[in-house]
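In: Give me a 3D structure for the following:
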Amino acid sequence: MSASLPPLPAHLMVSDINPHLPEARRRMYSWAESFDLLPGMLRQRYENSQMELLAAYYYPSCDLETFSLLVRWMLLGAIHDDLMDDVLCRNDPVSARQCISAVKAFMCEGKGNSSPLMQALENLWHETRIPQRSTMWQHTLARHWEVSGWEALACVADDLSGRTPPLQEYLERRRVGVTELVYVDLLEVAERVDLQEHVRNLPSVQSLGNLCSDYVGLCNDLLSLEKDLRVGGVHNAVTTIRTRDRCTLDEAVERVKSLAINVVDAYVEAESWVPAQLQSVGCTGRQYEDVMRYAHAFRAVFHGNREWHMTVARFADQETKVKSANDSSYGDDLRRVIIASS
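Out: Model (predicted):
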């Protein structure tokens, strides 16, 4: 069956798209090929996914150099997600744990290796963090990247043991497992801000990113439902509700749509509290303007993710996605990105 997405409020319908998309796309693939990130048929898969289009929706206003950097982050994040979700966590959990540890060792301690994935990550990391990114920002992104990997392993443990988590647990884990919080961290780069620690930890500011990630997870669950039903995975909000509450699939779909609407409403409320909370901690002048620009930038993320989910071939052609996920050559190609050169 197919599931549609509920509409967004009018003021979240930000239709801008980054004008540097064609050149950034060219640079992205040139960069990926220079690190051998897309062996075999992987390039066709990611051409279908159009992560660069998602980035163009998310970061519509930044200059070519910044946007090109963010597009590369988007592609690497997608490759890492697919590697963990489709290949390592289920078929080779030892390698999955090693991959998570390798990324953490590099981001936190500067210890890398010669695999294509790690070489590409090192390139992006140094371009992004030096010299303008604070230590807090670096630690936040590293933590978000790491926990998304551990959550992929946790999902497989649930699947293999036949466990369906309670809905609230599922939603909390989905928030950190969907990798969206990494892209939220990169929103600071796009907007040329680096949130101070006391601002980053304000409840309203934290809620912006968390609710954005919640929305992305629910959109993904609705539009990947057909695939998830085919492969039998339990990690989808729709199938979780159906199993735990013993309702029909249609009833579960409607409940997930309601959850998505509630998330959007909560985001609108959180955004409305940002000015008062900034003033309460003495945030004024240029800093206040920067944080408010960052807060309003989430509107493009909500709209852009919805548009991307509904249009790209990655979700529109579920048959192709299921077929590729079960194709041994696809798994072999992804494995090559974590093999260190001798």
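In: for the stretch 151-300 of the chain, which spans come out with low pLDDT?
Out: 233 (pLDDT under 70).
In: Run through the helices of it in chain order.
Out: Along the stretch 151-300 of the chain, counting by DSSP state H, counting those that start in this stretch, helices occupy 167-177, 180-190, 197-200, 203-223, 225-231, 237-245, 249-280, 285-311.
In: which stretch among those helices comes nearest Trp31?
Out: Trp31 lies closest to helix 180-190 among the helices of the stretch 151-300 of the chain, at 16.0 Å (CB to CB). C-beta coordinates here come from the backbone N, C-alpha and C atoms, glycine included.
In: His20 is nearest to which of the helices of the stretch 151-300 of the chain?
Out: Of all the helices of the stretch 151-300 of the chain, it is helix 180-190 that lies closest to His20, at 12.0 Å by CB to CB.
In: what about the closest one, distance to the chain center?
Out: Chain-centre distance of helix 180-190: 9 Å, with CA atoms, centre = their mean, to the nearest Å.
In: Also stretch 117-127?
Out: With CA atoms, centre = their mean, you get 18 Å for stretch 117-127.
In: That stretch: which residues count as buried?
Out: 117-125 (16 or more other CB atoms under 10 Å).
In: CSV for the helices of the stretch 151-300 of the chain, including distance to Gly112 and mean neighbour count?
Out: Listed next are these as CSV, based on distance: least, CB to CB, whole Å; neighbours: other CB atoms under 10 Å:
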stretch, distance to Gly112, mean neighbour count
helix 167-177, 24, 18
helix 180-190, 18, 23
helix 197-200, 27, 15
helix 203-223, 27, 22
helix 225-231, 34, 16
helix 237-245, 36, 20
helix 249-280, 37, 17
helix 285-311, 30, 18
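In: Kindly reformat the ones you listed as CSV containing distance to Glu109.
Out: Listed next are these as CSV, based on distance: least, CB to CB, whole Å:
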stretch, distance to Glu109
helix 167-177, 22
helix 180-190, 19
helix 197-200, 22
helix 203-223, 26
helix 225-231, 37
helix 237-245, 36
helix 249-280, 34
helix 285-311, 29
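In: Those: which one's closest to Ala32?
Out: Nearest to Ala32 among the helices of the stretch 151-300 of the chain is helix 180-190; the distance by CB to CB comes to 17.3 Å.
In: Give me the helices and strands touching the strand or helix carrying Glu127, please.
Out: If you go by DSSP states H and E, Glu127 is part of helix 116-129. Counting contacts by 3 or more CB pairs under 8 Å, 6 or more residues apart in numbering; DSSP states H and E, helix 116-129 packs against helix 21-34, helix 64-82, helix 93-109.
In: what about that helix, distance to the chain center?
Out: Centroid displacement of helix 116-129 relative to its chain, using CA atoms, centre = their mean, is 17 Å.
In: Can we start the residue count at 20 from this point?
Out: With the count now opening at 20, the last piece we talked about shows up as helix 135-148.
In: how big is the angle separating that helix from helix 83-101?
Out: Using axes from the mean of the first three to the mean of the last three CA atoms, to 10 degrees, the inter-axis angle of helix 135-148 relative to helix 83-101 is 140 degrees.
In: Can you name the residues in contact with helix 135-148?
Out: Applying CB atoms under 8 Å, 6 or more residues apart in numbering, the contact partners of helix 135-148 are 50-51, 54-56, 88, 91-92, 95, 98-99, 102, 118, 121-122, 125-126, 131, 156-157, 205, 208, 355-359.
In: out of the helices and strands packed on helix 135-148, nearest to Val272?
Out: Closest to Val272 of those is helix 83-101 (CB to CB; 23.9 Å).
In: Taking the contacts of helix 135-148, please make a PyMOL selection of just the buried ones.
Out: Buried residues within the contacts of helix 135-148, by 16+ other CB under 10 Å, are selected in PyMOL with:
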select buried, resi 50+51+54+55+56+88+91+92+95+98+99+102+118+121+122+125+126+131+156+157+205+208+355+356+357
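In: What distance do you get for Val212 to Arg261?
Out: Separation of Val212 from Arg261 (CB to CB, to the nearest Å): 41 Å.
In: quick one: average pLDDT of the helix holding Glu146?
Out: Averaged across helix 135-148, the pLDDT comes to 92.
In: tell me the angle of that helix relative to helix 40-53?
Out: Going by the same axes, to 10 degrees, helix 135-148 makes 130 degrees with helix 40-53.
In: now the angle between helix 199-209 and helix 135-148, please.
Out: 40 degrees.
In: now helix 135-148 against helix 112-128, angle please.
Out: Going by the same axes, to 10 degrees, helix 135-148 makes 20 degrees with helix 112-128.
In: What's the separation between Met329 and Val33?
Out: 15 Å.
In: about what we covered before: I'd like to know which of the helices and strands packed on helix 135-148 lies nearest to Asp233.
Out: Each of the helices and strands packed on helix 135-148 was scored for nearness to Asp233 using CB to CB, and the closest is helix 83-101 (17.3 Å).
In: Summarise which helices and strands that closest one is packed against.
Out: helix 40-53, helix 61-68, helix 70-77, helix 135-148, helix 154-180, helix 199-209.
In: got those helices as JSON lines, with distance to Glu84 columns?
Out: Below are those laid out as JSON lines (distance: least, CB to CB, whole Å):
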{"stretch": "helix 40-53", "distance to Glu84": "9"}
{"stretch": "helix 61-68", "distance to Glu84": "22"}
{"stretch": "helix 70-77", "distance to Glu84": "14"}
{"stretch": "helix 135-148", "distance to Glu84": "10"}
{"stretch": "helix 154-180", "distance to Glu84": "19"}
{"stretch": "helix 199-209", "distance to Glu84": "11"}
